[in-house]
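Novice: Give the three-dimensional model of this entry:
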Amino acid sequence: MTVALAFRRVRPLPVVAVVAVAGTVETLSGVPLDQGTIVLIAPVIAMFTVCTWASIRTALVAAAVFLAAFAIQTWSFGDGIGNWLFGAVFVIATLIAGFTIQARTREAERLREAAVRHETQLELSARDAADRERTRIARELHDVISHSVTVMVVQAGAAERVSMANPPAQDAMRTVQQVGRQALGELSGLLGVLRDGDESIGLGPQPGLDALPELFDRSAAAGVTVDAVVAPELGRQLPAGPQLATFRILQEALTNVRKHSAATSARVQLQLDSGALRLSVDDEGPAREEGPAAPGGGLGLQGARERAKVYGGTVDAGRTASGGFRVRAAIPVQELE
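Specialist: All right, here's what the predicted structure looks like:
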């Protein structure tokens, strides 16, 4: 019996048969049933292994084998049914315990696999969201740069006409126009690559800080009023790119308030400090029950971080002590002359 138990995980059912046959042979050879504990312990160990490592059908077959072996052993000594019931109780109890442990083990494995799949899906979703946001940023930057280059080409053309009496200046302006038109053509080709069949995005003016009042009005119409402190001259002091990034970050922060907070108002501060455009959005909360548990973990905020990163900036987000949510952004900028 002891030697057979060493192979119980490799061949559980044959081990059951060996243990049952060995116990029966021992009893038929004249060894009393109450002599030694190995006769009872070995079947329990073999039975438990079958229940936890084999199928339910195999475990039921093993239980039937042991019950039959106990019946033969009881009959050989002429004992009453009580001795058989004594062994049957151990077999059935082991069967129930083994099934319970097997079910819990399989459930734990299923939950672990589900958690791994969920984590993988979240990583893929975050990666896809970041890729989509980078593509959108590239499109918008294309529009901003195209507008600036177009202005340069137009101004160069005007300068060429003004400098009729200065041939070297005319040549320089003509070169500027040629390079500018070439750059515009390359940017248009780049936009075609980035568009990926999305015809809804084209060359058009992108929102800047002058569009913030309209953004605040839309937020109020959606149920979240905005108490904003924004210097009115910022729109004239900053380049178009950082303005667009700031607008999108603020837009995402207000969307985050509407989605994940029960607050009806939010505070917005936007100022230029030490060569950086600093943005803060706060709400008092409380958080909605379906809101994210992890601070700053939304895909939209990851996109906001991507936008700030383009200009060497940062975005931080997290819960406040009152249960609200706070977004902080800092984007290095160079003021326009």
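Novice: Quick check: residue 327 is in a strand.
Specialist: Yes. Counting by DSSP: H, G, I helix; E, B strand; the rest coil, residue 327 falls inside a strand.
Novice: I figured it was touching residue 270, is that so?
Specialist: No. Using C-beta atoms under 8 Å as the test, residue 327 is too far from residue 270 to be in contact (11.9 Å). C-beta here means a position set from N, CA and C on the backbone, and glycine is covered the same way.
Novice: shared neighbours, the two?
Specialist: The contact sets of residue 327 and residue 270 overlap at 279, 280 (C-beta atoms under 8 Å, 6 or more residues apart in numbering).
Novice: residues in contact with the residue at minimal distance from the centre of the chain?
Specialist: When the chain is reduced to its mean C-alpha position, the closest residue under C-alpha atoms, centre = their mean turns out to be residue 122, at 2.5 Å. Residue 122 makes contact with no residue under the criterion C-beta under 8 Å, 6+ apart.
Novice: Now do the SS call for it.
Specialist: Going by three-state DSSP: residue 122 is helix.
Novice: Find the nearest non-adjacent residue to residue 88, please.
Specialist: residue 67 (5.9 Å; C-beta to C-beta, 6 or more residues apart in numbering).
Novice: My error: substitute residue 254 in the last question.
Specialist: Using C-beta to C-beta, 6+ apart and skipping residues adjacent in sequence, the residue nearest residue 254 is residue 219, 4.8 Å away.
Novice: The one helix or strand the one you found maps to packs against which elements?
Specialist: In this assignment (DSSP states H and E), residue 219 forms part of helix 212-221. Here helix 212-221 is seen to pack against strand 225-230, helix 240-260, strand 265-273 when contacts are counted using 3 or more C-beta pairs under 8 Å, 6 or more residues apart in numbering; DSSP states H and E.
Novice: so which of those comes closest to residue 167?
Specialist: Taking C-beta to C-beta, helix 240-260 is the member of the helices and strands packed on helix 212-221 nearest to residue 167, at 34.4 Å.
Novice: so where is the stretch 201-337 of the chain shaky, pLDDT-wise?
Specialist: The stretch 201-337 of the chain contains residues with pLDDT under 70 at 201-206, 235, 288-300, 335-337.
Novice: how about 50 then?
Specialist: Applying pLDDT under 50 to the stretch 201-337 of the chain flags the ranges 201-203, 291-297, 337.
Novice: All the helices of the protein, in order from the start?
Specialist: Using DSSP state H, the helices found in the chain span residues 2-5, 12-28, 38-53, 56-77, 81-162, 167-195, 212-221, 234-237, 240-260, 299-310.
Novice: Just want the angle from the fifth one to helix 299-310.
Specialist: When you say that, I think you mean helix 81-162. 40 degrees (axes from the mean of the first three to the mean of the last three C-alpha atoms, to 10 degrees).
Novice: Any idea how many residues pack against the residue nearest to residue 28 when sequence neighbours are not counted?
Specialist: Spatial nearest neighbour of residue 28, excluding adjacent residues (C-beta to C-beta, 6+ apart): residue 76 at 5.5 Å. Neighbourhood size, residue 76 [other C-beta atoms under 10 Å]: 14.
Novice: Please apply the same query to the one 10 residues further on.
Specialist: Close neighbours of residue 86, defined as other C-beta under 10 Å, add up to 14.
Novice: same deal with residue 251?
Specialist: So residue 251, with other C-beta under 10 Å, has 18 neighbours.
Novice: Would you mind measuring from it to residue 236?
Specialist: 21 Å (C-beta to C-beta, to the nearest Å).
Novice: hmm, back to that, pull out the buried positions in the helix holding residue 219.
Specialist: 212, 215, 216, 219 (16 or more other C-beta atoms under 10 Å).
Novice: Turn the residues you listed into CSV, columns for distance to residue 306.
Specialist: Compiled in CSV, the buried residues of helix 212-221 are given as follows (distance: C-beta to C-beta, whole Å):
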residue, distance to residue 306
212, 21
215, 20
216, 24
219, 22
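Novice: Out of the helices of the chain, which is closest to residue 319?
Specialist: Checked against C-beta to C-beta, the stretch from those lying closest is helix 240-260, at 10.0 Å.
Novice: Determine the angle, from 0 to 180 degrees, between that closest one and strand 265-273.
Specialist: Going by the same axes, to 10 degrees, helix 240-260 makes 160 degrees with strand 265-273.
Novice: weakest of the helices of the chain by average pLDDT?
Specialist: Ranked by mean pLDDT, the helices of the chain end with helix 167-195 at the bottom, a mean of 65.
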